[in-house]
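Asker: Please work out how this folds:
(chains A and B)
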Amino acid sequence: MTRRAVALASLGASGLYLAGAATFPFGSSARPGAGFFPVAVGVLLCLVCSVFAFDTLRRAGVGEAAGSPMPADDRKRVVATMAGLVAFCLVVPWVGYSVAAALFVAWLLRRLGEGRWPAIALTAVLTAAVSYYVFAVLLAVPLPQSVFFD
Amino acid sequence: MGTVDGLLYGFAVALTPANLFACFVGVIIGTIVGILPGIGPVGAMALLLPSTFALSPTTALIMLAGIYYGSMYGGSTTSILVNVPGEAASVVTAIDGYQMARKGRAGAALAVSAVGSFVAGSGGVIGIVLFASWLADLALQFGPPEYFALTVMGLAILSRLSGGSVLMAFLMTGLGLAIGTVGMESISGVRRFTFGSVQLSQGIELVPVIMGLYGVAEVLVLAEEGVKKAVIEHVRFRGLFPTRTEWRMSSWPIARGSVVGFLTGLIPGPATVLATFISYTIERRLSKTPERFGTGAIEGVAGPESANNGATAGAMVPLLSLGIPFSPATAILLGALVIHGIQPGPLLIANQPEVFWGVVASMYVGNLLLLILNLPLVGLFVSILRIPQHLLSTFVLLLCLVGAFSLNNSMLDLWVLVATGLLGYAFRKLKIDPAPLIVAVVLGPIMEKTLRQTLFMAHGDWRLLLLRPLSLVLLLIGALVLAGPPLLAGLRRRLAPASAPA
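Answerer: Reported below is the predicted structural model:
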């Protein structure tokens, strides 16, 4: 089922890519334009995805073992990690690196590990502070600043 | 500059305090990365690339290359002691290495693997010097058709050799080429697939893509697996010396593994992993007692461990001589060269001798450092495995986020990281190797530029690609690698019923 969904999604995406590529100036063989290579890539992708989709649909149900579903706890940890990443990206422009990093670390330590809140909070604050010092101060790496504290 | 003069100059560059320190830091980080399951050399190199911005190009390259070959040493440690390969190139080592550890010969396995890695790494330096200079001279004759043919051949071989099906490898290659077309087109300035975004006009950065596919995806897999505690074999320093018989049994496998590894490294694809499997198969075939393999044969450790280090050296040849990376790790090194304003290609040796010879000589210095450091510090390195996995995963993700943002101060790179992380996780679940995608992202723009130049040159006549001997040979190799195996299989099927007894 998952494989079938991936195959059909790939086919759709490759079709969209080819349609987008076709909007750029194609030129000619002697003077290829900006769309020449993307169209070639799009055609290649559509061909590969068509074979993939055809192959997957042909095999559907024939000797296809239903994969065992992921246990709920495992799935929760994956979703929590992804949610943490997305939340970091959403809040970092507003609250800046230090606060976002501390929240991110606390969230993940709580969701992935088994620690208590005081220890988690301390680790989160220390990690955010040390990483800020190492990257922003020592290595002069630019980090996102808060819009509130600029 | 002659080869000997070049190497001496390289050692003078590599042994300056700053470069020596960078080499030391690189190989230590590489060893740790090799030990830890969860982040491989590719992810670590991508993570640390932004922190090299303040360094000189040579120092940055020395550190990143140190991570690459240093990880091969670290990977063997956990394979032997814990039966947990820190990265894919050490999977084969675990077969006999862990069995040796269970028989109380962990020290001997570690020592042989460290010496084998050193021999292969040092021999690889000589190989780089010989091959890269020769190839760079040859590449000066390359025009756009040859470069286009080379990229086609590279992607064809990579698609054939990557793990999983060829169809999936093609899909990954196509996806990588498509990603490479995003942004402002270099000849006419047309913005492609930017959806009005100014940030997207600069294209999609390679580093967040690699961090996502290798770093974030690996952490998601670890998160799914949950907390695991490693059982570690105890090793004493005095138990590190192999017996005379063990040395004798290891010497030829080390020599063969070094050569096989280096030659495999020249081929596009997952060279370090492939080299270990080839070396293991060769040693088992050549052994008079193949039944010992899998039960603690020291040749099964010596050969593959030499091979994976030889392969890291071999993989540097196309990068340093042609400016073309054939693996994700060398793609990052190429990225580092470009970020630091160095023009990769056949003129690198002539125009930037300190970069070429400095990096080559530093590989010898780094291998020596690894040999000296790895054996006495094995206990310390292995204790890194005691760091709780969830803590490590959190730190890796935070590093990924910092690294991705700091490339361009761009939120777009953060979103690319998250999206490719999810994509990479899906690839893992579907057992798809993302290596062709990474290499295609890098080779795509080169491919497009050289194809268009070729067609301009030939006034649209595609036959030019077949009329120039070098490009014809390269295209034929690519076609042969792709079509050869299915054709041979078909031929065998046809011949089988005819030759079968009635």
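
Asker: how about the residues of the stretch 151-300 of chain B near chain A?
Answerer: Counting by C-beta under 8 Å from any C-beta of the partner chain, the stretch 151-300 of chain B comes close to chain A at B:167-168, B:170-171, B:174-175, B:177-178, B:181, B:185, B:187-188, B:190, B:192-193, B:216, B:219-220, B:223-227. In short, each C-beta sits where N, CA and C put it, glycine included.

Asker: Can you tell me which of the residues you listed are buried?
Answerer: Among those, those buried by neighbour count (16 or more other C-beta atoms under 10 Å in any protein chain shown) are B:168, B:170-171, B:174-175, B:177-178, B:181, B:185, B:192-193, B:216, B:219-220, B:223-224.

Asker: what's near enough to touch residue A:102?
Answerer: Residue A:102 is in contact with A:124-125, A:127-128, counting by C-beta atoms under 8 Å, 6 or more residues apart in numbering or on different chains.

Asker: how does it look with 7 Å?
Answerer: Listed by C-beta atoms under 7 Å, 6 or more residues apart in numbering or on different chains, the contact partners of residue A:102 are A:124-125, A:128.

Asker: Which residue comes closest to the residue in the stretch 1-150 of chain B positioned nearest to chain A once chain neighbours are left out?
Answerer: Using C-beta to the nearest C-beta, the closest approach of the stretch 1-150 of chain B to chain A is made by residue B:51 at 5.2 Å. Leaving aside its sequence neighbours, residue B:51 sits nearest to residue A:139 (C-beta to C-beta, 6 or more residues apart in numbering or on different chains; 5.2 Å).

Asker: again, but for residue B:219
Answerer: residue B:393 (4.6 Å).

Asker: That neighbour and residue B:111, how far apart?
Answerer: Residue B:393 sits 32 Å away from residue B:111, taking C-beta to C-beta, to the nearest Å as the criterion.

Asker: distance between the longest helix belonging to chain A and the chain's centre?
Answerer: Counting by DSSP state H, the longest helix found in chain A is helix A:72-112. Distance of helix A:72-112 from the chain centroid (C-alpha atoms, centre = their mean, to the nearest Å) equals 14 Å.

Asker: same check, this time on stretch B:131-147
Answerer: With C-alpha atoms, centre = their mean as the basis, stretch B:131-147 stands 22 Å off its chain's centre.

Asker: Pick out the residue nearest the middle of chain A.
Answerer: The centroid of chain A falls nearest to residue A:82 when counting by C-alpha atoms, centre = their mean (8.4 Å).

Asker: Give the bridge partners for residue B:191, please.
Answerer: residue B:184 (DSSP bridges).

Asker: That one contacts residue B:201, correct?
Answerer: Yes: counting by C-beta atoms under 7 Å, residue B:201 is a contact partner of residue B:191 at 5.4 Å.

Asker: With neighbour numbers in mind, choose between these two.
Answerer: Between residue B:191 and residue B:201, counting by other C-beta atoms under 10 Å in any protein chain shown, residue B:191 is the more crowded of the two (17 against 14).

Asker: mind checking pLDDT for that one?
Answerer: Residue B:191 carries a pLDDT value of 91.

Asker: how near is it to residue B:391?
Answerer: Counting by C-beta to C-beta - residue B:191 and residue B:391 are separated by 43 Å.

Asker: Then residue B:130?
Answerer: Residue B:130 is 45 Å from residue B:391, where distance means C-beta to C-beta.

Asker: Helices of chain A, residue ranges please.
Answerer: A:2-21, A:36-59, A:72-112, A:117-132.

Asker: who's more crowded, residue B:130 and residue B:391?
Answerer: Counted by other C-beta under 10 Å, residue B:130 and residue B:391 do not tie: residue B:391 has more neighbours, with 17 against 12.

Asker: Ok, which of the helices of chain A comes nearest residue B:33?
Answerer: helix A:117-132 (18.2 Å; C-beta to C-beta).

Asker: quick one: contacts of that closest one?
Answerer: So helix A:117-132 is contacted by A:97-98, A:101-102, A:105-106, A:109-110, A:143, B:398, B:402 (C-beta under 7 Å, 6+ apart).

Asker: 8 Å - rerun?
Answerer: By C-beta under 8 Å, 6+ apart, the residues outside helix A:117-132 that reach it are A:97-99, A:101-103, A:105-106, A:109-110, A:113, A:115, A:143, B:391, B:394-395, B:398, B:402.

Asker: And these, which of them are buried?
Answerer: Neighbour-count burial (16+ other C-beta under 10 Å) applied to the contacts of helix A:117-132 gives A:97-99, A:101-103, A:105-106, A:109-110, A:113, A:115, A:143, B:391, B:394-395, B:398, B:402.

Asker: Residue A:141 contacts residue B:399, doesn't it?
Answerer: No: here residue A:141 does not reach residue B:399: they are 11.0 Å apart, not a contact under C-beta atoms under 8 Å.

Asker: check which helix or strand covers the residue of the stretch 351-500 of chain B found nearest chain A.
Answerer: Closest to chain A within the stretch 351-500 of chain B is residue B:460: 3.2 Å, counting by C-beta to the nearest C-beta. Using DSSP states H and E, residue B:460 maps to neither a helix nor a strand.

Asker: how many other residues sit next to it?
Answerer: Neighbour count for residue B:460, taken as other C-beta under 10 Å: 15.

Asker: pretty sure it is touching residue A:28, no?
Answerer: Yes: with contact defined as C-beta under 8 Å, residue B:460 counts as touching residue A:28 (6.4 Å).

Asker: Report the residue spans of chain A with pLDDT below the cut-off.
Answerer: Across chain A, the ranges flagged by pLDDT under 70 are A:1, A:60-70, A:147-150.

Asker: what sits against the residue of the stretch 1-150 of chain B closest to chain A?
Answerer: A:135, A:139, A:141, B:403 are the contacts of residue B:51 under C-beta under 8 Å, 6+ apart.

Asker: how about it, secondary structure?
Answerer: helix (DSSP: H, G, I helix; E, B strand; the rest coil).

Asker: Which pLDDT value goes with it?
Answerer: For residue B:51, the predicted pLDDT is 78.

Asker: Just give the nearest non-adjacent residue to residue A:76, would you?
Answerer: residue A:111 (7.7 Å).

Asker: what's the distance between the one you found and residue B:245?
Answerer: 52 Å.

Asker: more neighbours, the two?
Answerer: residue A:111 (17 against 9).

Asker: From residue A:80, how far out is that one?
Answerer: Residue A:111 is 4 Å from residue A:80, by C-beta to C-beta.

Asker: before we move on, what about residue B:281?
Answerer: 42 Å.

Asker: so who does the residue nearest to residue B:219 touch?
Answerer: Contacts of residue B:393 by C-beta under 8 Å, 6+ apart are A:81, A:108, A:112, B:38, B:219, B:222-223.

Asker: which among those gets closest to residue A:71?
Answerer: Residue A:71 lies nearest to residue B:223 out of the contacts of residue B:393, by C-beta to C-beta, at 12.6 Å.

Asker: Isn't that closest one up against residue A:85?
Answerer: No: applying C-beta under 8 Å as the test, residue B:223 and residue A:85 come out as separate, 11.1 Å apart.

Asker: The stretch 401-502 of chain B: helices as residue ranges?
Answerer: With helices called from DSSP state H, counting those that start in this stretch, the stretch 401-502 of chain B shows them at B:411-429, B:435-457, B:464-467, B:469-499.

Asker: which one of the ones you listed has the lowest average pLDDT?
Answerer: helix B:469-499 has the lowest average pLDDT among the helices of the stretch 401-502 of chain B, namely a mean of 83.

Asker: just the angle between that helix and helix B:435-457, please?
Answerer: On the basis of axes from the mean of the first three to the mean of the last three C-alpha atoms, to 10 degrees, helix B:469-499 is oriented at 130 degrees to helix B:435-457.

Asker: Run the chain-centre distance for helix B:469-499.
Answerer: 27 Å.

Asker: Much appreciated, bye for now.
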